[in-house]
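Just need the structure, nothing else, for what follows:
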Amino acid sequence: MSLIACALLGRRPAVEPWAAAAALMLGREAGAGVVLWWACRQGGPAAALAAPSPARGAAAAMAARVAALGVESAARGRLVRVLLPEDDVAAGAAAERVAGALGVPCVLAMAGVREEAFERLLDAVPRVALVSDPDAPLAALALDGLVDGGFAPHCLPPAPPGAALLVRSGLLAPAPLRRRLGPLLEGLA
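Purely as a prediction, here's the structure:
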């Protein structure tokens, strides 16, 4: 099985809480979850990396291992956020390198146009979800594109603001997010 357990696609502010919640759920046994961020032309999670809150031991250790690979990361609570390079080829290689080095299921969060290198990377990812208002006109097109690409995608609505704020702390995934992520993550952890 791929160490990139699932991918979440959408706009950065909408994807961030779902990716954090999924990583925390998948990383329970390891003591920390890992989100691999790629946000080409939408601005990366610079604020999340620049102002981390205190990290728990496992997350701090994983962030140090990522830094030793020459990839920017930050730990917050039980969550490690890895900022992938903007170039799609370099980002795809970095995602594989980090996931392999950490040896824990990672979540790939993509906010930007899917480039060719990511299409290859996604081929090895067992589950994909689109984070979007399901009634938005572009959501149906995006889901159809994922189906055409061979995926059985899930659709997640924007997270409630309170739950989004809580999960960004890296401490826990609130119950409403866990329930919605259950079908996406079933059998992956």
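
Can you point out the buried residues in stretch 161-175?
163, 164, 166, 167, 168, 170, 172, 173, 174 (16 or more other C-beta atoms under 10 Å). In short, each C-beta sits where N, CA and C put it, glycine included.

for the chain, where's the lowest mean pLDDT among helices and strands?
One helix or strand of the chain scores below all others by mean pLDDT, DSSP states H and E: helix 46-50, with a mean of 47.

Packing partners of whichever helix or strand comes after that helix?
Sequence-wise, the next helix or strand downstream of helix 46-50 (DSSP states H and E) is helix 57-68. Packing partners of helix 57-68 (3 or more C-beta pairs under 8 Å, 6 or more residues apart in numbering; DSSP states H and E): strand 72-76, strand 79-83, helix 88-102.

what's the distance between the residue lying closest to residue 105 once chain neighbours are set aside and residue 74?
Leaving aside its sequence neighbours, residue 105 sits nearest to residue 5 (C-beta to C-beta, 6 or more residues apart in numbering; 3.8 Å). For residue 5, the distance to residue 74 equals 21 Å [C-beta to C-beta, to the nearest Å].

what's the answer for residue 170, then?
To residue 74, residue 170 is 10 Å away according to C-beta to C-beta.

Wasn't residue 107 part of a helix?
No - remark: residue 107 does not belong to a helix; assigned using DSSP: H, G, I helix; E, B strand; the rest coil, it is strand.

Quick check: beta-bridge partners of it?
residue 6, residue 35 (DSSP bridges).

In contact with it, which residues?
4-8, 19, 22-23, 26, 33-36 (C-beta atoms under 8 Å, 6 or more residues apart in numbering).

Show me the shaky parts of this structure.
1-2, 40-53, 114-115, 117, 189 (pLDDT under 70).

Closest to residue 70 out of the buried residues of stretch 161-175?
residue 170 (22.8 Å; C-beta to C-beta).

What sits closest to that closest one if chain neighbours are left out?
Nearest residue to residue 170, sequence neighbours excluded (C-beta to C-beta, 6+ apart): residue 77, at 2.7 Å.

still on that earlier bit, the residue nearest to residue 105 contacts residue 185, correct?
Yes - assessed by C-beta atoms under 8 Å, residue 5 is found in contact with residue 185 at 7.4 Å.

what is in contact with the two at once?
In contact with both residue 5 and residue 185: 22, 26, 127, using C-beta under 8 Å, 6+ apart.

Of the residues you listed - the most surrounded one?
Among the shared contacts of residue 5 and residue 185, residue 22 has the most neighbours (other C-beta atoms under 10 Å), with 33 neighbours.

ok now whichever strand or helix holds residue 37, how far from the chain's centre?
Using DSSP H and E, residue 37 maps to strand 33-38. Between the mean C-alpha location of strand 33-38 and the chain-wide mean there is a distance of 4 Å, by C-alpha atoms, centre = their mean, to the nearest Å.

same check, this time on stretch 96-107
That offset, for stretch 96-107, works out to 12 Å (C-alpha atoms, centre = their mean).
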